[in-house]
Structure formats: structure tokens, C-alpha cells
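Q: here's my sequence, what's the structure:
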Amino acid sequence: MTALIKRFGPALLALFAGAVALLPVVIWGMPNNNDLANHYHFALPFYEAIQRGDIHPGWLSSPNFGYGDAVVRFYPPALYYLLAAGRAVAGNWYSGSLLVLTFLSALGSFAAYFWARSYVPRHIAVWAAVFYAFMPYHLAEVYQAAQLAEFAAGPALLFSLAFTKRLCDDGHMRDLVGLAASYGLLILCHLPLAVFGSLALLVYALLNIPKNRVRSTIPKLTTAVLLGLAASSFYWSTMVAEMKWIVADGVNPDPLLDYRRNFVFSTFSPEKNETIWWMGLLAIATIMMLLPAVVIFGKKFSAPGKRALIAVAVLVTFSLMMSTQISKPVWAAIPFLAMAQHPFRWLAVTSAVAPILMAASVPFWVERLRRPRRSVALAMAGLVLIAASFSISQTVRGATYLSRPTFEQMLKPLNEAPGIIQWLPVWASASAQGKASYEKCSPPPVTPAKIDAGNRAIRINEWTDLSRTFEVESGPALEAHVATFYYPHWIATANGQALSTRPAADGSLSISLPPERVTVVLRFREPPRAKLSSVVSIISWTLLASFLIFGAFVRQHEPIEARREQAN
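A: This next block holds a predicted model:
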């Protein structure tokens with residue numbers, strides 16, 4: 001029993017630390033923010049589509065008053081699969097959402113513990129889990145900003161960093177599989193953090209590749225990344241190919257989404273930019289928590305993994321630098337980096353990496369606290385407590401919580417509510433009405449008949465998310481307008497013959513009807529590219545699972561002495 005507690009107790013404490021960080025959410029309710037409604041505007045129809053058998057929805061039919069939404073083709077889906085699973089398990093959105101957020105917080109703390117085990121013993125690695133759970137920016141993702149997709153990406157980033165370290169150190173197949181799976185999940189969780197995380201992983205890998213195993217390690221790292229890309233290709237292949245088909249920031253770019261305005265410390269005035277002012281406070285609190293870890297560079301600090309920790313320190317410094325104006329040349333030089341829009345999101349990387357250094361410094365300061373002259377140690381502990389107190393008093397207590405009735409009331413109109421302008425198909429730019437790209441659109445008026453064919457009588461036989469069938473009586477040839485936004489994958493046929501489709505002036509779907517009586521079949525058909533990428537993803541996840549299961553089987557049949565040596 002003692003051996004089991006020694007082996008599994010620290011891991012359970014890591015999970016518990018993450019769960020405790022979300023205890024106020026469980027007690028007081030879901031923290032509210034503008035982005036919260038945006039997430040559930042996506043999650044509700046996503047869940048309904050899955051219920052109808054569409055495992056990976058390509059079009060959400062109900063948003064924008066029934067004109068549909070293409071956001072599902074561009075926004076990473078992992079969070080919404082989790083929310084759908086939570087809804088299915090709990091039976092309602094409120095309890096299901098609390099379950100998912102608590103799970104993600106616990107998983108993130110465990111991931112921090114898992115990575116820290118590469119540097120420190122189990123009982124010290126637990127501190128990394130505790131620190132990560134209460135990092136100022138990490139808490140703000142849930143309690144203040146409702147950046148739920150970024151919050152979900154945190155564990156994936158931590159596991160990616162952990163498996164990168166293990167693959168560089170040992171080169172085991174299970175670590176290659178772990179890196180591939182966690183990197184694929186990172187892409188499927190949050191695109192900006194996937195971009196930042198990819199840069200961080202590159203820097204970290206270059207710092208950890210052993211000089212005597214460069215030729216063997218680089219191919220393994222490359223294979224893991226390629227497998228992660230293949231596993232997530234069902235999402236990103238569509239996103240990359242069709243990005244030109246959405247408004248994005250093209251009609252009236254929101255100046256607040258310009259990366260040059262979103263560097264941490266670029267302003268200290270809440271009147272000029274409240275978000276950046278708040279991010280500056282979170283960055284200061286993060287640096288205060290990190291300061292005690294500077295001791296690892298001192299001569300008095302001695303630990304077996306001291307040299308290895310330099311790579312972590314470089315990564316912390318790099319992530320902090322990328323969040324500030326110092327990195328402007330890098331942002332301008334790297335293609336597509338500017339599309340991430342918010343340099344302050346690099347604090348999510350800092351929040352993931354800093355706890356490793358902080359945990360490694362804990363034994364040093366604990367030992368100093370036991371000495372007669374312990375004023376410096378007390379000052380360092382005070383810095384951490386001040387930063388933690390700031391997070392609790394300003395981030396946690398300052399949040400606006402929604403009770404279950406209020407939360408469910410908020411959800412009611414979201415299924416059909418207007419979406420954000422930047423996700424509109426480019427042909428529906430009239431619905432932007434000159435507003436900034438991050439505001440809500442104004443879809444065309446809803447017609448009771450859903451189809452306007454002039455004086456020709458219409459009878460609707462079927463109207464589902466991806467399939468519509470209707471009969472049109474004979475009459476003059478004309479353009480029928482369907483209450484659905486035009487998208488190139490909507491294909492109309494009549495009697496086996498393709499009908500011409502085009503976008504109307506308001507962005508709705510227009511179908512050219514012949515004069516004779518016809519039965520029109522309108523289908524949303526995915527291109528061969530999407531079907532191929534789905535097959536590639538399925539094969540990739542199957543391979544990863546097979547390697548993992550096979551590796552576990554092989555390990556079970558290893559000599560007991562060898563397993564004990566690996567565990568230690």
C-alpha cells in the first residue's frame with residue numbers, strides 16, 4: 001500500500017490541484033464574458049449535428065436565423081467535442097460544461113507534473129502542477145476572458161513539451177506516439193496557441209537534441225510532427241483550402257485584432273486599451289511568481305538536472321519576449337504569425353513553462369527557510385503569495401458568475417442567433433453592414449417559406465442541415481432564392497441534372513430554375529479533399545493507438561528489473 005501511495009499519490013495530488021482551481025466555478029457558477037456566448041453559439045448546433053449522425057459537421061444550419069454558419073470549417077473543433085461529451089454525460093449544458101472545465105484544469109495540472117518529472121522527483125513535480133493551476137494568465141482564461149479553447153489547448157501544449165523532452169532523452173516509440181497525439185490535439189484545440197506552441201516546441205527541441213544523437217533524434221521528432229499533422233488534417237486541410245471563402249478581417253478589420261496593438265506593456269492606461277492594461281498586470285504577476293526560480297542560475301543552487309533546466313529558462317524568456325514589442329521584427333518576418341493577432345497569448349506559453357522552473361527551485365528555498373537567516377527566502381515566498389493573492393482577489397473574486405438558470409437562459413437564443421462577421425462567407429459580406437469584423441452580423445430577413453420562387457408554387461419535402469428537397473411547379477424560368485448563405489459546396493440538381501447556383505446580392509443561395517415542373521435536390525457535398533483528409537486522420541489515430549497498445553503489451557512482458565529501472 002505504501003509503495004502504491006508513493007508511486008501514484010503525487011499524480012493524484014496533481015490532478016486534485018487542478019480540480020481545486022476550478023472549485024469556485026463549481027460553487028458559484030459559470031464565469032461570464034462576451035466570448036462565452038460565442039463558444040456556445042458554436043457548441044449548441046455542433047452537438048445537435050452530432051446527435052443527427054454528422055460526426056464532423058461541415059455546416060451549421062440553424063445559426064444566423066437559419067441562413068447557416070461556416071465557422072465549423074475554420075475553428076478548431078476539440079473543445080466542442082468535449083462540451084458535447086459533457087452535455088451527453090451530464091444531461092444538461094451547465095453541469096456538462098462544469099465537468100469539462102474541471103477535467104481540463106485537472107488534466108493540465110497533471111500534464112505539468114508529467115513534464116516536471118523529466119527534471120525533478122515526483123514529490124517536487126507536484127509543485128509544478130500546483131503552480132500551473134494557479135498561474136495568473138491561466139486562471140484568467142476561464143474566470144475573466146472565457147478563452148475556453150485556449151484553456152483546453154494548455155494540457156496539449158504541456159504534453160507536447162513533455163514528450164519532446166522524453167523523445168530527445170530516450171527516443172522511445174511511446175514518446176514519439178505521445179508527441180504526435182498531443183501535437184495533433186494542440187492543433188485541434190486552438191489555432192493561435194498551436195502556432196505559438198509550434199515555435200516553442202521548435203526552440204525547445206533544438207535545445208534538447210543530444211549532440212551525439214542528432215541524426216537519430218531529428219527524424220523521430222519530424223515523424224511525430226508529421227503524424228500529428230496527419231491526425232489533425234481533417235480540420236486544417238479544409239481550413240487552409242477555404243480560408244479565402246470567409247470574410248475574416250477583409251471587410252472592415254477590427255483595429256483591436258491588429259497584432260501591433262496587442263503587445264504586453266504597450267500601454268499602461270486602461271482608458272486607451274483595457275485588455276492590454278489587464279494583460280500587463282497578469283504579466284507582472286507571472287514574473288513575480290517566476291522570480292524565485294532565478295536562483296537556479298546561481299552558484300549555490302545544485303541539482304542533478306541544473307544544466308537541463310537552462311532549456312526551460314530559455315523557453316520562458318523566449319515566450320515573454322514574444323509577448324512584448326521587443327519581438328516586433330520576429331512577428332513581421334515569420335509568415336502567418338501576424339494572423340494570430342494577439343501577442344499577449346504568448347503568456348499562455350509562459351504559464352505552461354514557468355511552473356517547471358518554479359518547482360525545481362522549491363527544495364532550495366525550503367532548505368533556506370530552515371536556516372536562521374531566512375529573510376530572502378521569506379521575501380521570495382512573499383512574491384509568490386502576492387501574485388497568488390492578486391489572482392484570487394482580482395481574477396477569481398472579480399469574475400461575474402452565472403447560476404444554472406441564468407446560464408440556461410443565456411443559451412436559449414444562441415442556436416439561431418447571428419454569428420460573428422469574420423466567419424461569414426465572403427459572398428454574404430452585405431450582412432456585415434460596415435461593422436467591424438469581430439461584431440455580430442445582420443443576416444437577411446427570414447422568409448416563412450424559406451424559398452422565394454416568385455409566383456411559382458413550392459412544396460418543401462425535406463429540410464435538414466445538409467439536405468433540402470422541394471418541388472417547384474412549372475412557370476417562367478427564374479432565380480429561386482433559398483434562405484441559406486451561398487457556399488460553393490451547396491450542389492443543386494433536378495431530375496439528375498445539375499442546376500446553376502450563385503450568390504444573390506445579400507449572400508443567399510440563388511438557384512436557376514427551368515420553366516418545367518421540377519423536384520430540386522439541394523445537398524451540401526464535401527469535396528474529395530475533405531474525404532481524403534478524414535481517411536488520413538482516421539488511419540493516423542488508428543496507427544497511434546495501435547503503437548500505444550502494442551508498446552504497453554511489450555512493456556508488460558519486459559523483465560521486472562527493467563521496468564523498475566524505467567520507473568525510477
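Q: strands of the stretch 301-450 of the chain, start to end?
A: Assigned by DSSP state E, counting those that start in this stretch, the strands in the stretch 301-450 of the chain fall at 401-402.
Q: my read is that residue 132 contacts residue 350, right?
A: No. The pair residue 132 / residue 350 is not scored as a contact, 11.2 Å apart, by CB atoms under 8 Å. Where C-beta positions appear, they are placed from N, C-alpha and C, glycine not excepted.
Q: what about the strands in the stretch 1-150 of the chain?
A: With DSSP E, counting those that start in this stretch as the criterion, the stretch 1-150 of the chain has strands at 30-31.
Q: which residues of it score low on pLDDT?
A: 1, 3-4 (pLDDT under 70).
Q: need the helices for it, in chain order.
A: Secondary structure of the stretch 1-150 of the chain (DSSP state H, counting those that start in this stretch): helices at 2-21, 23-28, 34-51, 78-90, 93-116, 122-133, 136-143, 148-169.
Q: dump those helices to a markdown table, plus distance to residue 482.
A: Putting the helices of the stretch 1-150 of the chain into a markdown table (distance: least, CB to CB, whole Å) gives the following:
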| stretch | distance to residue 482 |
| --- | --- |
| helix 2-21 | 48 |
| helix 23-28 | 42 |
| helix 34-51 | 18 |
| helix 78-90 | 26 |
| helix 93-116 | 31 |
| helix 122-133 | 50 |
| helix 136-143 | 40 |
| helix 148-169 | 32 |
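Q: looking at those helices, which is nearest to residue 463?
A: helix 34-51 (14.4 Å; CB to CB).
Q: picking up where we left off before, in a markdown table: the helices of the stretch 1-150 of the chain, plus distance to residue 460 and mean neighbour count.
A: Below are the helices of the stretch 1-150 of the chain laid out as a markdown table (distance: least, CB to CB, whole Å; neighbours: other CB atoms under 10 Å):
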| stretch | distance to residue 460 | mean neighbour count |
| --- | --- | --- |
| helix 2-21 | 49 | 16 |
| helix 23-28 | 44 | 15 |
| helix 34-51 | 20 | 20 |
| helix 78-90 | 29 | 20 |
| helix 93-116 | 30 | 24 |
| helix 122-133 | 53 | 24 |
| helix 136-143 | 43 | 26 |
| helix 148-169 | 36 | 26 |
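Q: what's the closest of these to residue 412?
A: Among the helices of the stretch 1-150 of the chain, the nearest to residue 412 by CB to CB is helix 34-51 (9.7 Å).
Q: now do the SS call for residue 474.
A: Taken by DSSP: H, G, I helix; E, B strand; the rest coil, the conformation at residue 474 corresponds to coil.
Q: shouldn't it be in contact with residue 514?
A: No. Counting by CB under 8 Å, residue 514 is not a contact partner of residue 474; they are 9.0 Å apart.
Q: with neighbour numbers in mind, choose between these two.
A: Each of residue 474 and residue 514 has its neighbours counted (other CB atoms under 10 Å); residue 514 has more, 15 against 12.
Q: near the residue nearest to residue 439 when sequence neighbours are not counted, how many other residues are there?
A: Using CB to CB, 6 or more residues apart in numbering and skipping the chain neighbours, the partner closest in space to residue 439 is residue 421 (5.8 Å). For residue 421, the count of nearby residues is 28 (other CB under 10 Å).
Q: what sits against residue 421?
A: Applying CB atoms under 8 Å, 6 or more residues apart in numbering to residue 421 gives the contacts 247, 251-252, 431-432, 435-441.
Q: want to throw those into CSV with distance to residue 497 and pLDDT?
A: Converted to CSV, these look like this (distance: CB to CB, whole Å; pLDDT from 0 to 100):
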residue, distance to residue 497, pLDDT
247, 32, 90
251, 36, 64
252, 40, 69
431, 31, 91
432, 35, 88
435, 40, 84
436, 43, 81
437, 39, 80
438, 42, 81
439, 41, 86
440, 39, 89
441, 34, 90
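Q: show the buried residues in those.
A: 247, 251-252, 431-432, 436-441 (16 or more other CB atoms under 10 Å).
Q: turn those residues into a markdown table, including distance to residue 451.
A: A markdown table is the format used below for the buried ones among the contacts of residue 421 (distance: CB to CB, whole Å):
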| residue | distance to residue 451 |
| --- | --- |
| 247 | 25 |
| 251 | 27 |
| 252 | 31 |
| 431 | 19 |
| 432 | 24 |
| 436 | 32 |
| 437 | 30 |
| 438 | 32 |
| 439 | 29 |
| 440 | 26 |
| 441 | 22 |
